Structures are given as structure tokens and as C-alpha cells.
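Student: Turn this into a model:
(4 chains)
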Protein chains: 2
Amino acid sequence: MKNKKMKIARVEMDLSQEQLAKVVGVTRQTIGMIETGNYNPSLKLCNAICKALNKTLDEIFWES
Amino acid sequence: MKNKKMKIARVEMDLSQEQLAKVVGVTRQTIGMIETGNYNPSLKLCNAICKALNKTLDEIFWES
DNA sequence: TTATATTGCAATATATACTTTACATTAAGT
DNA sequence: ACTTAATGTAAAGTATATATTGCAATATAA
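Tutor: Residues are numbered from 1 along each chain as shown, chains lettered A, B, ... in the order given. As a prediction, this is how the structure comes out:
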């Protein structure tokens, strides 16, 4: 289950995976796997990512 | 960081911690610790809980 | 009182998120 | 052609989410 919304939001903010990773305090690989792979991030990390991308949880991580 | 919103939503649905746990596929302790303790649940679990409680991620897990 | 349901709180065990390191590919720039 | 930035991926290690079991406390009901 790729997270395309997150990738789009990140690119809109002109951030590379590495830059976003540094902002939220994880490694580039973690960001990459959330975007492309089957990953199940923690709530804290989801919140941090959303704040960095100026989005809310529902906008990026809600599974309808 | 207690999650009072989750507890309120659960009680509104007339569910015990154990009943909610069964619905979302975890143990009672996990639900209990999310509500009362310092816990950092996974995104999948957050989504499952929200669906069981008829709420969205923002309504229960968003940290403003 | 006695029984039952609900919840809080531990200790130990297991599954998995996340790190670290590394290598490969692609695209853009010089 | 060479370099650099950005990304995908994989193996092994560490940190932590979650399970399991169990005990205690409270509230409610018979």
C-alpha cells in the first residue's frame, strides 16, 4: 500500500526524503519505506510527518 | 499523554476495553495503555480503532 | 457477603518498527 | 565521461510495540 499522498505533499514542500527525515528525526530509509513499501509507522512519526508537511493525519494517513 | 478522546468515543459506543480490543484484533492491555499510558500505537492500529469507533484519525489521534 | 465486569498495572516473551551500513540505479549538471 | 543528488533496496542489529499471564482494586448486582 504505497502512500502517494505523502510523496505528493513532500514534493509540494520541495523536500527530499532525506530532508524530511531529518526534520522528523528518522532516517531516509524510514521515509522511503513509508512512501513506497508496506510499512506501518508509529503514530508519533505520522504526526511529526504531517506537521512537517502542513497536513493532518486524515489528509495523509487515513485509510478510507 | 492520556487519550481522553478515545476513551470518550469508546464509552459512547458502549464498548468495554476488552470488546474494542477484540474488534480491532489486539489485547485489552494494548487498548488500556493507549488510553491511559505513554503509548505510541501503530498507524494500522489507529486506523482500526477509528473505524471501530466511527471516528477519523484527526478526531482521535491528531496532536494539535 | 459473594460473584462478576471493568480497569490499572506489572514482568517476561515475541513481533516488528527503525537504524546502520552498504550497494545500485536514475537523472541532472559540469 | 564524470560528479552529485535523489531514490530503491537489502542484511543485520537495536529499540520498542504488542502479547501473555497474572494480580489487585473498584463498582455493581444477586
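Student: pLDDT averaged over stretch A:43-60, what's the number?
Tutor: In this model, stretch A:43-60 has an average pLDDT of 97.
Student: and it, anywhere near chain B?
Tutor: Yes. Counting by CB under 8 Å from any CB of the partner chain, chain B is contacted by stretch A:43-60 at A:43-44, A:46-47, A:50, A:56-58. From N, CA and C alone the C-beta is placed, and that goes for glycine too.
Student: is that stretch up against DNA strand C anywhere?
Tutor: Yes. Residues of stretch A:43-60 contacting DNA strand C under CB under 7 Å from any atom of the strand: A:44-45.
Student: Output that stretch as PDB, nothing but the C-alphas.
Tutor: This file holds the C-alpha atoms of stretch A:43-60, laid out as PDB (Å, rounded to 0.1, in the frame of the first residue of the first chain):
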ATOM      1  CA  LEU A  43       1.500   7.400  15.500                       C
ATOM      2  CA  LYS A  44       4.200   9.800  16.700                       C
ATOM      3  CA  LEU A  45       6.000   9.500  13.400                       C
ATOM      4  CA  CYS A  46       2.800  10.100  11.500                       C
ATOM      5  CA  ASN A  47       2.100  13.200  13.500                       C
ATOM      6  CA  ALA A  48       5.600  14.500  13.000                       C
ATOM      7  CA  ILE A  49       5.400  13.900   9.300                       C
ATOM      8  CA  CYS A  50       2.100  15.600   9.000                       C
ATOM      9  CA  LYS A  51       3.300  18.700  10.800                       C
ATOM     10  CA  ALA A  52       6.400  18.900   8.700                       C
ATOM     11  CA  LEU A  53       4.200  18.700   5.600                       C
ATOM     12  CA  ASN A  54       1.500  21.100   6.800                       C
ATOM     13  CA  LYS A  55      -1.100  18.400   6.600                       C
ATOM     14  CA  THR A  56      -3.300  16.500   9.000                       C
ATOM     15  CA  LEU A  57      -3.500  12.800   9.800                       C
ATOM     16  CA  ASP A  58      -6.600  12.400   7.800                       C
ATOM     17  CA  GLU A  59      -5.100  14.000   4.700                       C
ATOM     18  CA  ILE A  60      -2.100  11.700   4.600                       C
END
